[in-house]
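# how would this look folded up:
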Amino acid sequence: MTASATRPTPTPGILDLPPYRAFQPPKRQGRVIRLMANEGALGPSPKAVAAFKAASGEIHRYPERGSGELVQALARHHRLEPERLIVGNGSDELIELLANCYAGPGDEAIHTQYGFVMFKQSTRAAGATPISAPDVNFTVSIDAILERVSPRTKLVFLANPNNPTGTYLPHDEVERLHRKLPEHVVLVLDAAYAEYVNRNDYSAGSGLVERSQNVIMLRTFSKLFALAGLRLGWGYGSPAILDALNRVHGPFNVNLAAQAAGMAALADAAFQEAARNHNAAWMPTIQESLRKLGLEPVPSVANFVLVRVPAKTGKTAEAAIEHLAKAGIFVREMATYGLAEHFRFSIGTAEEMEALLAELGQFLGRTHG
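Now for the predicted structure:
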């Protein structure tokens, strides 16, 4: 028997997936501006940092099972029913748990063309088949999703607002999708960027959750609350869905320091308002400046912008990314999403945005302003 014949074999489909590679800027001297990961522009709340440090003296203790105090804080902050809440080691963990609980070999889970990459990854890891529904003008198409629903469909993943496009669906469209889905299909509403949205026709989905048995809304502390390094997310779902998830997640899945920082971040209303105001002020400014440079930003309601470098500029997105990197400014390439003419960057500080525009102007042989 050869060595290769005795080698362990992963579940079918696992090795077909490209490994997820989160980009990390190389070590370098001088300025480094990180705009590739949609992180909070202002950094974390000072109150969250203080709570994190205060928790350090207790790290020899196991954290509270089920994150009970944090659950109650979330319920008060968002005016939600605590028995419908679950906290995870980032919303990524909850996506993985949903795939493992509701899909397996022979099943299908639908995601959108430019949806969060973890939807497809987690579906494959569970042994199920991911089905892609094409977007229209960088926006999710409900009709395309519904056309792909089959007896094998067990989950529909919908990021709203969507990453990496920054577009969103009005509440009425999400309701229409839910009405037309079979009752056995779980609708997963990933609202990671909900705190940034300022549209009268938008809803993150809590009301739909409370009226349904097959809907769960996912949220995160990584964006507006700027706690990405602590990996803290949460979900709001029907009792039946939470019962399944609570049977399979680890008993101490959220660490003690993350729970403490999360509660402090929720209590800092002034910081949340400042972060929202900063993003709201810079989003229209940056998009208009990009257009003046001859670039084509996709209108965004989140804290990041997807930008096309049109051929008429005589430049490419790849060259733009390389130029910015040489200046110590790191943005996200989009070729892995099938968007080779685009790059994505998050809204940073005022100084970072000015530096980005200046470098793009130099790259294109133009000036912004």
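# Can you verify my assumption that Glu175 contacts Gly205?
No - here Glu175 does not reach Gly205: they are 9.7 Å apart, not a contact under C-beta atoms under 8 Å. For the C-beta atoms, the positions are set from N, CA and C on the backbone; glycine is no exception.
# of the two, who's got more company?
Neighbour count, other C-beta atoms under 10 Å: between Glu175 and Gly205, Gly205 has more, with 28 against 17.
# And that one, what's its pLDDT?
Looking at Gly205, its pLDDT reads 96.
# got a list of what Ala144 touches?
Going by C-beta atoms under 8 Å, 6 or more residues apart in numbering, Ala144 touches 112, 133-136.
# can you put these in a markdown table and add neighbour count, distance to Arg211 and secondary structure?
Output for those, formatted as a markdown table (neighbours: other C-beta atoms under 10 Å; distance: C-beta to C-beta, whole Å; DSSP: H, G, I helix; E, B strand; the rest coil):
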| residue | neighbour count | distance to Arg211 | secondary structure |
| --- | --- | --- | --- |
| Thr112 | 24 | 23 | strand |
| Ala133 | 22 | 24 | strand |
| Pro134 | 13 | 29 | coil |
| Asp135 | 17 | 27 | coil |
| Val136 | 12 | 28 | strand |
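# just curious, which of those residues is nearest to Asn160?
Thr112 (9.7 Å; C-beta to C-beta).
# buried sites along stretch 65-80?
66-67, 70-71, 73-75, 80 (16 or more other C-beta atoms under 10 Å).
# Likewise for stretch 274-281?
275-276, 278-279.
# Can you list the neighbours in contact with that stretch?
40-42, 195-196, 198, 224, 226, 303, 347.
# 7 Å instead?
40-42, 195-196, 198, 224, 303, 347 (C-beta atoms under 7 Å, 6 or more residues apart in numbering).
# Sitting in strands, which of the residues you listed do you find?
Counted as lying in strands by DSSP state E, out of the contacts of stretch 274-281, is not a single one.
# could I get the residues you listed as CSV with distance to Leu364 and neighbour count?
Converted to CSV, those look like this (distance: C-beta to C-beta, whole Å; neighbours: other C-beta atoms under 10 Å):
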residue, distance to Leu364, neighbour count
Gly40, 29, 23
Ala41, 24, 21
Leu42, 29, 15
Glu195, 33, 19
Tyr196, 28, 21
Asn198, 30, 11
Leu224, 32, 23
Asn303, 24, 27
Ile347, 20, 28
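# and of these, the nearest to Asn163?
Nearest to Asn163 among these, with distances taken as C-beta to C-beta, is Asn303, at 9.9 Å.
# Quick one: classify the residue nearest to the spatial centre of the chain as helix, strand or coil.
Taking C-alpha atoms, centre = their mean as the criterion, Ala192 is the residue nearest the geometric centre of the chain, at 5.0 Å. Look at Ala192: counting by DSSP: H, G, I helix; E, B strand; the rest coil, its state is coil.
# Just the pLDDT for it.
Taking Ala192 on its own, its pLDDT is 97.
# mind listing the helices for the stretch 151-300 of the chain?
171-180, 206-210, 239-248, 256-267, 269-292 (DSSP state H, counting those that start in this stretch).
# And the last one, how far out from the chain middle?
Think helix 269-292. 19 Å (C-alpha atoms, centre = their mean, to the nearest Å).
# now that helix against helix 256-267, angle please.
80 degrees (axes from the mean of the first three to the mean of the last three C-alpha atoms, to 10 degrees).
# mind showing which ranges of the stretch 101-250 of the chain have poor pLDDT?
Within the stretch 101-250 of the chain, no stretch has pLDDT under 70.
# could you redo the last one with a cut-off of 90?
Within the stretch 101-250 of the chain, the ranges that satisfy pLDDT under 90 run 249-250.
# Same check on the stretch 251-369 of the chain?
251-253, 336, 366-369.
# So what pairs up with the residue nearest to the residue nearest to the centre of the chain when sequence neighbours are not counted in the strands?
The shortest distance from Ala192 to any non-neighbouring residue, by C-beta to C-beta, 6 or more residues apart in numbering, is to Thr220 (4.6 Å). For Thr220, the beta-bridge partners are Gly233 (DSSP bridges).
# my guess is His178 meets Leu187, correct?
Yes - counting by C-beta atoms under 7 Å, Leu187 is a contact partner of His178 at 5.6 Å.
# For the stretch 51-200 of the chain, which segments count as strands?
Assigned by DSSP state E, counting those that start in this stretch, the strands in the stretch 51-200 of the chain fall at 85-88, 108-112, 129-133, 153-159, 186-190.
# What's the local residue count around Gly229?
Based on other C-beta under 10 Å, the number of other residues close to Gly229 is 12.
# Which residues lie in contact with it in this structure?
Contacts of Gly229 (C-beta under 7 Å, 6+ apart): none.
# Can you tell me how far it is from Gly294?
Remark: distance between Gly229 and Gly294 (C-beta to C-beta, to the nearest Å) = 36 Å.
# what's the answer for Ser132, then?
31 Å.
# What separation do you get for Asp243 and Ile86?
10 Å.
# neighbour-wise, which of these two wins?
With neighbours defined as other C-beta under 10 Å, Asp243 and Ile86 compare such that Ile86 has more, 24 against 11.
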